[in-house]
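> Sequence first, then the predicted structure:
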Amino acid sequence: MRTERRSGWQFSFKVLIPVMVAVLVTAGTATGFVLWSASKSDDRALQRQMRLVEHILKQEWDYVATAGQDATAWDDAVTAVRDGDLEWIDENLGQGIYNDHAHNRIYVLDHDLKPVYAMRDGGAVAADTFETDRAAFAGLLDRLRGVDGDAAIDSYNNGFADVPSATDLVMIGGQPALIGAVPILSWSDELDVPPTEARYHVVARFLDGAVAEQLMGQYLIDGARFDTNATAAANEAVYPLSNLAGTPIAWFKWQPDRPGSLLLTETAPAMGAALLVAGIVIALLMRSLRRSSAQLEAERARAEHQALHDPLTGLANRAMFQQRLTQALERLSPGGDPVALLALDLDRFKHVNDTLGHEAGDELLRQVSGRINALLGDTDTLARLGGDEFVILQGAIKTVSESSRLSETIISRVSEPYKLAGTDVRIGVSIGVALARNSANDGLDLPARADFALYQAKESGRNTFRLYDELQPEEGAREAG
């Protein structure tokens, strides 16, 4: 009996304790990996939104500049301002421009910068109200009336350039505003206006709640607002808005997408339940470990499979994908075959999930996984990273065109209709492709390059693909084919 007890104790010490330690380490590692992945996902989403916000605000800046150019290069405008035809000015350079562009301030100035016409928030006001805003426009007008401004007008009159314009970001009445100014010039050769006789059309568009609401609706940016204080509220992202001198004037703030945190919140109950179940299983195993070594081995194998595969689709998960990627990059050699990484993100999946329910969304993910998997070769790896994000590792290709053809085939196949809950459903897929060609070092940033190309594909209208061009890094990504 002592021998049996000693044997049982030795068996527990040699097997049970290492198993328990391994389980605890695995659980801790998995938890840390999930938290790290969620944090990285949030960081990538914020970086993408930062680039989007930068692009949006540049468009608003350019919009103020081009609006005046389109409206004032007009012979009738030159004549009306010269003759003081206020009725024509109000109808065309006031109301007309306000209706098209909703500028908060519109002024027409003579060549001595004396106000001829003024409009505020869509209504004509006394011309001398410009004096309260003159200081805000002074620097802008000085640029147009300086040596460079005169040369620009002469170039336009001689047919060598477009209508000159100037824009800046200033504060008007305590509000940040994009301002623009253009000389009122002729589009024909009959009424050439020399710089010394040029009149000016100046506008201001406040960066206020109306503009923020427009951006929220147009670009689906939550909680967008403009503020003159750099301090952000909780969970708020901030982008500085600087004038031409580089001085921050205002800050654009919004509630950024946090896909990693959202995923953790949604899966926390399931993860807690899984941990509880794991605890019960471990307790049962502790009682019957000696009698159930075969069963323990089976459980171990199942746990290993779960650690490397996505439970919903059966595809490789992030851990297995990282292993395959590391192995593929280690095999790279100068002049050898490249490695391709395709980052996939389903378009309109959230709409299906919200309208038909999570069960339909899960079934859609399984069907999409099956369609894509059927298109891959034996050496390709398809992995689901979470949500509707997938990656494909092509480890044996000869040319870039193979990845391009695969991307086109996937887009075509995924776009075909699905039958879910008795309803035909259509979705799309955006794909970013990146290649590592020469050495393992080239592949260190491969996932980031694929993510950037994916962002470019979504920016290009979705349901398309983009290829990251390593030969032109300043352009980021370009369309393949």
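Now that the structure is in, tell me what you want to look at.
> only C-alpha atoms for contact and neighbour calcs from this point on.
Fine.
> for this structure, which spans come out with low pLDDT?
Residue ranges of the chain with pLDDT under 70: 1-16, 19, 65, 67-71, 283, 285-294, 297-298, 438-444, 469-481.
> Domain map for it?
Domain segmentation of the chain under automatic domain parsing yields 73-206, 318-478.
> what's the closest of these to residue 31?
With Cα to Cα as the criterion, residue 31 lies closest to domain 318-478 of these, at 12.8 Å.
> quick one, what contacts the closest residue to residue 464 other than its chain neighbours?
Spatial nearest neighbour of residue 464, chain neighbours left out: residue 430 (5.2 Å); criterion: Cα to Cα, 6 or more residues apart in numbering. Counting by Cα atoms under 8 Å, 6 or more residues apart in numbering, residue 430 makes contact with 344, 345, 346, 347, 411, 454, 457, 458, 462, 463, 464, 465.
> does residue 430 sit in a helix or strand, and which one?
According to DSSP states H and E, residue 430 maps onto strand 428-436.
> one step back: against residue 317, how distant is the residue nearest to residue 464?
The gap separating residue 430 from residue 317 is 20 Å, by Cα to Cα, to the nearest Å.
> May I have the distance across stretch 181-197, first residue to last?
Using Cα to Cα, the end-to-end distance of stretch 181-197 comes out at 16 Å.
> isn't residue 388 right up against residue 346?
Yes. Counting by Cα atoms under 8 Å, residue 388 sits close enough to residue 346 to count as a contact (5.7 Å).
> between the two, who's got more neighbours?
Using other Cα atoms under 10 Å, the more surrounded residue of residue 388 and residue 346 is residue 346, with 22 against 19.
> Provide a list of residues in contact with the closest residue to the more buried one other than its chain neighbours.
Of all residues not flanking residue 346 in the chain, residue 429 sits nearest, at 4.3 Å (Cα to Cα, 6+ apart). By Cα under 8 Å, 6+ apart, the contact list for residue 429 reads 344, 345, 346, 347, 411, 414, 415, 462, 463, 464.
> quick one: which of those residues is nearest residue 149?
Nearest to residue 149 among the contacts of residue 429, with distances taken as Cα to Cα, is residue 462, at 42.0 Å.
> Give me the spatial nearest neighbour of the closest one, chain neighbours excluded.
Leaving aside its sequence neighbours, residue 462 sits nearest to residue 430 (Cα to Cα, 6+ apart; 5.3 Å).
> Show me what the one you found bridges to in the sheet.
Taking DSSP bridges as the rule, residue 430 bridges to residue 345.
> what about residue 72, distance to residue 256?
39 Å.
> again but with residue 231, I slipped
According to Cα to Cα, residue 231 and residue 256 sit 16 Å apart.
> Then residue 60?
According to Cα to Cα, residue 60 stands 20 Å off from residue 256.
> out of the two, which sits in the more crowded spot?
Between residue 60 and residue 256, counted using other Cα under 10 Å, the more crowded position is residue 256 (21 against 14).
> so what's that one up against?
45, 46, 49, 221, 222, 235, 236, 237.
> which ones among these are found in helices?
45, 46, 49 (DSSP state H).
> Return the residues in contact with the second one.
Which is residue 46. Counting by Cα under 8 Å, 6+ apart, residue 46 makes contact with 256, 257, 258.
> again with residue 258
By Cα under 8 Å, 6+ apart, the contact list for residue 258 reads 41, 42, 45, 46.
> give me phi/psi at the closest residue to the second one other than its chain neighbours?
Okay, so that is residue 42. Spatial nearest neighbour of residue 42, excluding adjacent residues (Cα to Cα, 6+ apart): residue 258 at 4.8 Å. Dihedral pair for residue 258: phi -130, psi 80, per degrees, to the nearest 10.
> And the helices in the stretch 201-350 of the chain?
With helices called from DSSP state H, counting those that start in this stretch, the stretch 201-350 of the chain shows them at 209-219, 259-288, 293-308, 318-330, 349-356.
> I meant to write the stretch 351-481 of the chain there.
358-373, 400-414, 446-459.
> then the first one to PDB, C-alphas only?
Translated: helix 358-373. Only the C-alpha atoms of helix 358-373 are listed here, as PDB (Å, rounded to 0.1, in the frame of the first residue of the first chain):
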ATOM      1  CA  HIS A 358     -25.600  37.100 -34.300                       C
ATOM      2  CA  GLU A 359     -26.500  33.500 -35.300                       C
ATOM      3  CA  ALA A 360     -27.000  34.600 -38.900                       C
ATOM      4  CA  GLY A 361     -23.700  36.500 -38.600                       C
ATOM      5  CA  ASP A 362     -21.900  33.400 -37.400                       C
ATOM      6  CA  GLU A 363     -23.300  31.300 -40.200                       C
ATOM      7  CA  LEU A 364     -22.300  33.900 -42.700                       C
ATOM      8  CA  LEU A 365     -18.700  33.800 -41.300                       C
ATOM      9  CA  ARG A 366     -18.700  30.000 -41.700                       C
ATOM     10  CA  GLN A 367     -20.000  30.200 -45.300                       C
ATOM     11  CA  VAL A 368     -17.500  32.900 -46.200                       C
ATOM     12  CA  SER A 369     -14.600  30.800 -44.700                       C
ATOM     13  CA  GLY A 370     -15.700  27.800 -46.700                       C
ATOM     14  CA  ARG A 371     -15.800  29.800 -50.000                       C
ATOM     15  CA  ILE A 372     -12.400  31.400 -49.500                       C
ATOM     16  CA  ASN A 373     -10.800  28.100 -48.300                       C
END
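> got the angle between that helix and helix 400-414?
140 degrees (axes from the mean of the first three to the mean of the last three Cα atoms, to 10 degrees).
> how about the residue most central in space within the chain, what does it touch?
Taking Cα atoms, centre = their mean, the centroid of the chain lies closest to residue 48, which sits 3.3 Å from it. Counting by Cα under 8 Å, 6+ apart, residue 48 makes contact with residue 455.
> Pull up the gap between it and residue 379, please.
Taken as Cα to Cα, the span from residue 48 to residue 379 is 31 Å.
> Same question for residue 300.
From residue 300 to residue 379 the distance is 27 Å (Cα to Cα).
> Likewise for residue 252?
From residue 252 to residue 379 the distance is 47 Å (Cα to Cα).
> same deal with residue 54?
Separation of residue 54 from residue 379 (Cα to Cα) stands at 40 Å.
> Comparing the two, which residue is more hemmed in?
More neighbours surround residue 54 than the other of residue 54 and residue 379, with 15 against 10 (other Cα under 10 Å).
> who's in contact with the more buried one?
Each residue near residue 54 by Cα under 8 Å, 6+ apart is listed here: residue 239.
> Report the angle between the host helix or strand of it and helix 259-288.
According to DSSP H and E, residue 54 maps onto helix 17-72. Helix 17-72 runs at 170 degrees relative to helix 259-288, counting by the same axes, to 10 degrees.
> okay, the angle between helix 17-72 and helix 209-219?
Using the same axes, to 10 degrees: helix 17-72 against helix 209-219 is 120 degrees.
> Begin at 3 from now on, thanks
Will do, 3 is the new start, and the previous item becomes helix 19-74.
> Show the subsequent helix or strand relative to helix 19-74.
helix 77-85.
> Buried residues in the following helix or strand past that next one, which are they?
Using DSSP H and E, the next helix or strand after helix 77-85 towards the C-terminus is helix 88-91. Buried residues in helix 88-91, counted by 16 or more other Cα atoms under 10 Å: residue 91.
> just how off-centre is helix 88-91 within its chain?
Centroid separation between helix 88-91 and its chain, computed with Cα atoms, centre = their mean, to the nearest Å, is 44 Å.
> can you list the contacts of residue 258 in CSV and add distance to residue 342?
Formatted as CSV, the contacts of residue 258 follow (distance: Cα to Cα, whole Å):
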residue, distance to residue 342
47, 23
48, 25
51, 26
223, 33
224, 35
237, 36
238, 36
239, 33
